[in-house]
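>>> everything below, folded, please.
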Amino acid sequence: MRRIFVLLMLLALAAAGAAYWWLHAPLTLRASDTPGEALELEIEPGTTPRGVANAAVKAGVQTDARLLYYWFRLSGQDRQIKAGNYEIPTGTTPYELLQKLARGESTLRAVTVVEGWTFKQMRGALAKADALKQDTAAMSNEDIMRALGREGVAAEGRFFPDTYAYAKGSSDLAVLKRAMHAMDRRLEAAWSQRESDTPLKSADQALVLASIVEKETGSAQDRAEIAGVFTNRLRIGMLLQTDPTVIYGMGDKFDGNLRKRDLQTDTPWNTYTRGGLPPTAISLPGKAALLAAVQPARTKALYFVAKGDGSSHFSATLDEHNRAVNRYQRGQR
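Numbers count the residues shown, from 1 in each chain. Next up, the predicted model:
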C-alpha cells in the first residue's frame, strides 16, 4: 500500500508539473501568410467557455480545445471571458491567453470604418489610426488584396464597416484581414436569406447592389424601398441610372458637382450608359444595406427622388416621378 501511495504521489506531482509546464509554454500558432502577424480571435457575445476554446483552435491555436476548456474552467475565470476581437501574438502561453480574454484586452486601441465609405477613405482612416503599424502604406489596392490572399478581387466593398480594436503596434494589414473576414461572414449570412425570386445571380452581385443602396439611402426607413426600386429595374432590364455610381467612376475628377456631360460620359460604373450592375461595389455597405439588397421591399416603384429632408419620394410611373421632381427639386407645386 505504501508503494502504491508513493507511486500515486509521484504521478500526481508529474501531472502537476506537466500542467504547469503547459500553462507557461508558448502556444504553437498556425503559420501566417504575413510574417510576425498575430492570429485573429473573435469572441461573439454569449459564447460559452467551450465555444471560446473551440474558436481559439479554429483561429489557429494548435492545441487540443479540450485542454483550453478545462483550463478555463479550473482557473475559475471562465465566466470572466469577455466578447471582442483579439490578437494572439507569437509567444502567448495558455495562462496569458486566458488573462487577455478575462481582462478584455481587445479594447486597447480602436479604429472606426463608417458605412458608405470607399476603400480609399478606409485606408485614410487606417493611416491616421493611433499606434497602428503602416505595413500597407506603399501598397496598391491590388497589392493589398494579394497580401490578403484575394489576388484578382477588387478591394472595393470587401471590408465590413465597423469599429476594430487592435493592440499597440499591430499591423494595418491585420485589421484589414479582420474587416475582410467580417464582410465575408456578413455577406454569406445575407445571401443565405435572399428572396427566392431575386434577380441577383450571386453574393458578389448582392454586395454591389448593397453598396449602391448604402450610398443612395438618406433615411434608414427608405433603405428597403430603394433596394426595391433597383431590384425592379434589374428585373425588367431598365437602366439603374444612379448618380453615386457615376461619381465613383469619375474618381478624382469629381469636383462636387455632377453635370449632364458626366452622366453622358461612359465608364464601367456609369449606370446611365450601361445596363445592369457596375463591375464592382462603390462603397463599403453595412449589415442593413446587405440585407436590403437581398430582401428588398415589395413595391411597384421604379423611381425615387430626394425630398430634401433626407427621405425620398417613390413613384411607380414616370409622370408621377416628374411631378415629384418638380415639387421637391425645382420648388414647383
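
>>> contacts and neighbour counts: CA atoms only from here.
Fine.

>>> which SS class is the residue nearest the centre of the chain?
Among the residues of the chain, the one closest to the centroid is F160, at 2.0 Å (CA atoms, centre = their mean). Three-state call for F160 (DSSP: H, G, I helix; E, B strand; the rest coil): coil.

>>> chain neighbours aside, what residue packs nearest to it?
Nearest non-adjacent residue to F160, counting by CA to CA, 6 or more residues apart in numbering: M183, 4.5 Å away.

>>> now whichever strand or helix holds that neighbour: buried residues?
Per DSSP states H and E: M183 is located in helix 172-191. Going by neighbour count (16 or more other CA atoms under 10 Å), the buried part of helix 172-191 is 172-180, 182-183, 186-187, 190-191.

>>> gap between the two ends of stretch 24-38?
19 Å (CA to CA, to the nearest Å).

>>> let's see the helix holding M183 as CSV, backbone CA atoms only.
Extracted in CSV, the C-alpha atoms of helix 172-191 (Å, rounded to 0.1, in the frame of the first residue of the first chain):
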residue,chain,number,x,y,z
ASP,A,172,-2.9,47.6,-40.5
LEU,A,173,-2.9,44.5,-42.7
ALA,A,174,-4.2,42.5,-39.7
VAL,A,175,-7.0,45.0,-39.3
LEU,A,176,-7.8,44.7,-43.0
LYS,A,177,-7.9,41.0,-42.8
ARG,A,178,-10.3,41.1,-39.9
ALA,A,179,-12.6,43.5,-41.7
MET,A,180,-12.4,41.3,-44.9
HIS,A,181,-13.4,38.2,-43.0
ALA,A,182,-16.2,40.1,-41.2
MET,A,183,-17.6,41.1,-44.6
ASP,A,184,-17.3,37.5,-45.8
ARG,A,185,-19.4,36.4,-42.9
ARG,A,186,-22.0,39.2,-43.2
LEU,A,187,-22.3,38.7,-47.0
GLU,A,188,-22.7,34.9,-46.6
ALA,A,189,-25.3,35.4,-43.9
ALA,A,190,-27.3,37.9,-46.0
TRP,A,191,-27.1,35.8,-49.2
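
>>> which helices and strands does it pack with?
Using 3 or more CA pairs under 8 Å, 6 or more residues apart in numbering; DSSP states H and E, the elements in contact with helix 172-191 are strand 163-166, helix 203-216, helix 287-294.

>>> quick one: average pLDDT of that helix?
In this model, helix 172-191 has an average pLDDT of 96.

>>> hmm, who's touching that helix?
Here helix 172-191 makes contact (CA atoms under 8 Å, 6 or more residues apart in numbering) with 37-38, 40, 126, 132-136, 144, 148, 158-162, 164, 166, 203, 206-207, 287, 290-291, 294.

>>> how far is it from where the chain is centred?
From the chain centre to the centre of helix 172-191 is a distance of 4 Å (CA atoms, centre = their mean, to the nearest Å).

>>> all further residue positions should be reported with the first residue as 683.
Happy to do that; since the first residue is 683 now, the last one works out to helix 854-873.

>>> checking V987 next. Helix, strand or coil?
Once three-state DSSP is applied, V987 turns out strand.

>>> report how many residues lie close to E726.
Residue neighbour count, defined by other CA atoms under 10 Å, stands at 14 for E726.

>>> so what's it up against?
Here E726 is in contact with 765-766 (criterion: CA under 8 Å, 6+ apart).

>>> look up how far I763 lies from it.
According to CA to CA, E726 stands 11 Å off from I763.

>>> with adjacent residues omitted, what lies nearest to R712?
Nearest-residue entry for R712: G742, 4.8 Å, with adjacent residues in sequence omitted and distances by CA to CA, 6+ apart.

>>> I'd assumed L721 was in contact with the one you found.
Yes: using CA atoms under 8 Å, G742 is in contact with L721, at 6.7 Å.

>>> touching both of those two, which residues are there?
Jointly contacting G742 and L721 under the rule CA under 8 Å, 6+ apart are 711-712.

>>> which of the two has more residues huddled nearby?
Per other CA under 10 Å, whichever of G742 and L721 has more neighbours is L721, with 21 against 18.

>>> okay, and the beta partners of the more buried one?
Applying DSSP bridges to L721 yields these beta-bridge partners: I770.

>>> OK, contacts around it?
Contacts for L721 were tallied using CA under 8 Å, 6+ apart; they are 711-712, 714, 741-742, 769-771.

>>> rerun that using 7 Å as the cut-off
L721 makes contact with 741-742, 769-771, according to CA atoms under 7 Å, 6 or more residues apart in numbering.
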